[in-house]
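Asker: What would the 3D arrangement of this be:
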Amino acid sequence: MQNSFEYISLFFIISDFLCGFIILIDILDDRPQKTTEMTLVWLLTGIWASWIGLFTYFKIGRTNKINCDEDTGCMREDIVSAFSNKKNTDKNTPLEKILLSTLICGAGCVPANLAAKGFSFFCPVYSGSSVPDVSWGLAYVLAVFFAAGFQYAFIDPEQKTDLPGKTLRTALKFSFPVSTAWQCGVYAYSSLIFNFYDLMIINSWSFWFMMQIAMFCGCLAACPVNGLMMKLFSKKQPDKGERPLKNYQN
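Answerer: This is a model prediction of the structure:
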């Protein structure tokens, strides 16, 4: 039974990277995102969300293909027209905007969890508590900072102040509750599954497959919090960069 589950886990892990690769190839095939950061967001989404992430990309994230002339290259109007369809304009539904914004936050949380788990495996730390507790704390700190970094990158340049610290503080105000909710979802699932450490080898295929499911739990927990934060920030007036106007659309 254990071997069968390992094979199932291996299939999904391979599928993760395959989906991320498909998304990246599609974007590079003259279907650019508005920003380089958004390309990275979709790549990471494909890796952790697998086939569901791939479906989400083709549903709400894929842009029109740019028709470039071999001699003159891509003109500006060609690039602008790539974002003229429903999926890439302000016509995105509120739920799509919330999901896209949550995925941006998740792009910071996912590498944070991977880095923390990898660090705890290769460099075990014992400080009076268990290794999982140490790795969870490290993952939370990294997730907050990584999510704030992605949030900062998606603030409208016109809303950024001359003081980078103030703009970063604004990004942190938005990303902190969302990344906290994401990690709470991850920890809630992990606390249930990883009580069976004797049945699951650390750094095995099944271990990382369980971590993938934990990412889904984190996303589900973060979506309502992200929607609430978007609603709260949308009520504020754009005063000197205090409102983080994000590129929710691709």
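
Asker: Toward the C-terminus from the helix or strand bottoming out on mean pLDDT in the chain, list the very next helix or strand.
Answerer: Here the helix or strand of the chain ranked lowest by mean pLDDT, DSSP states H and E is helix 76-81, holding a mean of 47. Using DSSP states H and E, the next helix or strand after helix 76-81 towards the C-terminus is helix 94-122.

Asker: so after that next one, what's the next helix or strand?
Answerer: Heading C-terminal from helix 94-122 (DSSP H and E), you reach helix 131-153.

Asker: which regions of this structure lie under the pLDDT threshold?
Answerer: The chain contains residues with pLDDT under 70 at 1-2, 67-91, 121, 123-133, 156-164, 194-202, 235-250.

Asker: Let's see that with 50 instead.
Answerer: Scanning the chain for pLDDT under 50 picks out 75-90, 126-131, 198, 237-250.

Asker: if I read this right, residue 47 contacts residue 18, doesn't it?
Answerer: No. Using Cβ atoms under 8 Å, residue 47 is not in contact with residue 18, being 9.5 Å away. (Glycine included, C-beta is placed from N, CA and C.)

Asker: Compare the two (neighbour count), which wins?
Answerer: residue 47 (24 against 15; other Cβ atoms under 10 Å).

Asker: which secondary structure element contains the more buried one?
Answerer: helix 36-56.

Asker: contacts for that helix?
Answerer: 12, 15-17, 19-24, 27, 32-33, 57, 61, 99, 103-104, 106-107, 110-111, 150, 153-154, 212, 215-216, 219, 247, 250 (Cβ atoms under 8 Å, 6 or more residues apart in numbering).

Asker: what is the orientation angle of it with helix 131-153?
Answerer: On the basis of axes from the mean of the first three to the mean of the last three Cα atoms, to 10 degrees, helix 36-56 is oriented at 110 degrees to helix 131-153.

Asker: Go through helix 36-56 and flag the buried ones.
Answerer: 37-50, 53-54, 56 (16 or more other Cβ atoms under 10 Å).
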